[in-house]
Each structure stands twice: as structure tokens, then as C-alpha cells.
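>>> model this:
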Amino acid sequence: MNNEAATITILSILWGLCAGVLTWYIATAARQITYVTLADGRKQERKLPLLFRMFLPLTPNVTPLLRTPGLIPLKEKTGRTLVSAGFEGLLSTDEFLALRLILPLVLGSLWIIFIATIISATKNSFLMKMSTLLYLIGPTWYFIYPALWLKQALGSRHRSMQKSLPFVLDLLTLSVEAGMDFMTALQRNVERRVLDPLGEELIRVIREIQIGKTRREALRDMSFRVNLPDLRSVINALVQADELGVSIGSILRIQSDQIRQRRFERAEALANQAPVKMLGPLLFFIFPAVLLILLGPIMARLMDQLY
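Next up, the predicted model:
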């Protein structure tokens, strides 16, 4: 009996230590701040999800499995998306793909154990019938979660650029038409604006030109790196104007007007979609409300008569 009590005590202490170490590790990962280094050497904060920060130290154990020729197209696409989303130098392609394997393996296994424990404890027939689906929900979610997060991060960065691009073009247009050189106007614009995703990319363009790239090459690299249609159209127009000797000021003014028009059209399209998107929630809530209003007094009278 004393041996059993000692064993239970030791196991309890070990479980407590494990829980304490795990809590400390999660708290450390939650406090961790991640940065990217901009072209001018400044550090800019980039937030990674807590799950990513927790499991990033495990990625070197999985990356050797990803060195197969069949994954090269996926790696190229993922790497370009990571760069466009602003995580270049912070999260590599191999690390991201490794996380897509580690999360479902570790957290998906914990999810399966959790569901199995609930089913065995409750003995619920419905849960037993749905056990296969319940088991698959966790691993599937943890597999697609990194891709969803990356898509959301890329969309947020692109929206920020679309919002600030017309104002940047307006300032460049005024500066160029006032007689300032394009590169000088670009540098003044970057220095006096609040740093945002578009400003980060423009800083990189300026630094690349300063170390020897031509303006066309730096702008084309930015277009490929960002992968934003509005910005691509502006850069193509600037490159063509540079090649043909057309006034850059007039090109900038035309592009600014076109981008504002496209932004207005996008806003108009979203406004037209709003009634359709509201229809589902409206139908979902309107019928319970109507039934409550119509049947509420009747049910109240029945309850009074019965009790």
C-alpha cells in the first residue's frame, strides 16, 4: 500500500513538473517578439501565431523530409507567397512546410486522444457513429491552418498597399511636376511617411538602386516580389515611360486616377454584395423571431393553464 502511494505521489510530481515546464514554454513563446530586417537595416515587428512560435524549434527535424524534387513547385509558390506577405528572412519555405506537417502530427494526435477519451467516458452512441469525422476534424484543421493564416496575412498586406498607393502616387506626381528628380522624390516620400508595407518595399527599391541595380530592374523585382495587380500596372507604366522617354509626371497622374477608379469600383462591388451576404443571417434569425412573437403569447397562456 505504501509502495502504491509512493508511486502515485511520484507520478503526480512528474505530471506537475511536465505541466509547469509546458506552461513556462508557452509563456516564453507568447512573450517572444519576431522581427524582419528591412533594406535600410531597421527592425520591423512581424507577428507569427503562437502555434508557429511554439513548434518552430522542431522544424529542423522535419525539413530533410521535404528535400524531394516533387515538392519544388510547391516550395516555389509558397516561398513567393511568404515574400509577398512580408515574412522574408523570418519564416523560410522549409520551416513553413514543416509546420504544416508538425501541427497535424502533434496537435492532431492530441485531438484524437481527447475525442477518444470523451467517447469512452460518455459511451454516447451518436458520438460513436460520428467518431471518424470527429477524429479527422482536428488533424485536417491543423493542416490547413498555416495556409489560411498565410493567405490572410497576404491579403492584409495587399489591402494596406492598395490603400496607400494612390496617396504615394499623388505626392510623387506633385514632386516630379515641381521639378524634382524621380528618385529624390521617392526617397523624400519614404522618409516623411509613416512606415507601412508599401514604404518597406520602396525602401528596398531605393537601396537596390543605390548598390547598382538599374531603376527598371529594381521596379520589376518589386513588382514580382509584391505580386499586386495595381502595383504591377503602375510599375509597368513607369518602366515603359522610362524606355520611351515619356514624362513620368503625367504617367503617375494617370495611374493615380486609374487606381482610384478601380478602388471605387471594388467598393461599389462590395456594397452590391452586402444585401446578398446579409440574406443568410437574416433568414436564420427572422423565422425564430417571428415564431417567438406569434407563438410566445399562446405558449405563455398554455403554461398558465397547465401550472
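
>>> which one's the longest helix in this structure?
Of all the segments assigned as helix in the chain under DSSP state H, the longest by residue count is helix 248-306.

>>> quick one: distance of it to the chain centre.
Taking the mean C-alpha point of helix 248-306 and that of its whole chain, the gap between them comes to 25 Å (CA atoms, centre = their mean, to the nearest Å).

>>> that helix - what's its average pLDDT?
For helix 248-306, the per-residue pLDDT values average out at 75.

>>> so what does that helix touch, helix or strand wise?
In this structure, helix 248-306 makes packing contacts with helix 131-177, helix 229-244, judged by 3 or more CB pairs under 8 Å, 6 or more residues apart in numbering; DSSP states H and E. For every residue, glycine as well, the C-beta is placed using N, CA and C.

>>> domains of this protein?
According to the domain assignment given by automatic domain parsing, the chain is divided into the following structural domains: 36-154, 160-264.

>>> need the ones you listed in JSON lines with distance to residue 15 and mean neighbour count, can you?
As requested, those are arranged in JSON lines below (distance: least, CB to CB, whole Å; neighbours: other CB atoms under 10 Å):
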{"stretch": "domain 36-154", "distance to residue 15": "15", "mean neighbour count": "15"}
{"stretch": "domain 160-264", "distance to residue 15": "46", "mean neighbour count": "16"}
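
>>> the helices and strands packed on helix 248-306: lowest mean pLDDT?
When mean pLDDT is averaged over each of the helices and strands packed on helix 248-306, helix 229-244 scores lowest at a mean of 85.

>>> output the contacting helices and strands for that one.
helix 131-177, helix 215-226, helix 248-306.

>>> hmm, who's touching it?
With CB atoms under 8 Å, 6 or more residues apart in numbering as the contact definition, helix 229-244 has outside contacts at 161-162, 165, 169, 215-216, 219-220, 222-223, 226, 246-248, 251-252, 254-255, 258-259, 262.

>>> mind jotting down where the strands sit in the stretch 1-150 of the chain?
Under the criterion DSSP state E, counting those that start in this stretch, strands of the stretch 1-150 of the chain are mapped to 35-37, 43-45.

>>> mind putting those into JSON lines with mean pLDDT and distance to residue 147?
Supplementary listing: these in JSON lines, determined by pLDDT from 0 to 100; distance: least, CB to CB, whole Å:
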{"stretch": "strand 35-37", "mean pLDDT": "83", "distance to residue 147": "20"}
{"stretch": "strand 43-45", "mean pLDDT": "84", "distance to residue 147": "23"}
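
>>> now tabulate those strands in CSV and tack on distance to residue 240.
As requested, the strands of the stretch 1-150 of the chain are arranged in CSV below (distance: least, CB to CB, whole Å):
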stretch, distance to residue 240
strand 35-37, 32
strand 43-45, 32
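
>>> for these, which one sits closest to residue 156?
Evaluated over the strands of the stretch 1-150 of the chain, closeness to residue 156 peaks at strand 43-45, with 14.3 Å, by CB to CB.

>>> helices and strands around the closest one, which ones?
Helices and strands touching strand 43-45, as assessed by 3+ CB pairs under 8 Å, 6+ apart, comprise strand 35-37.
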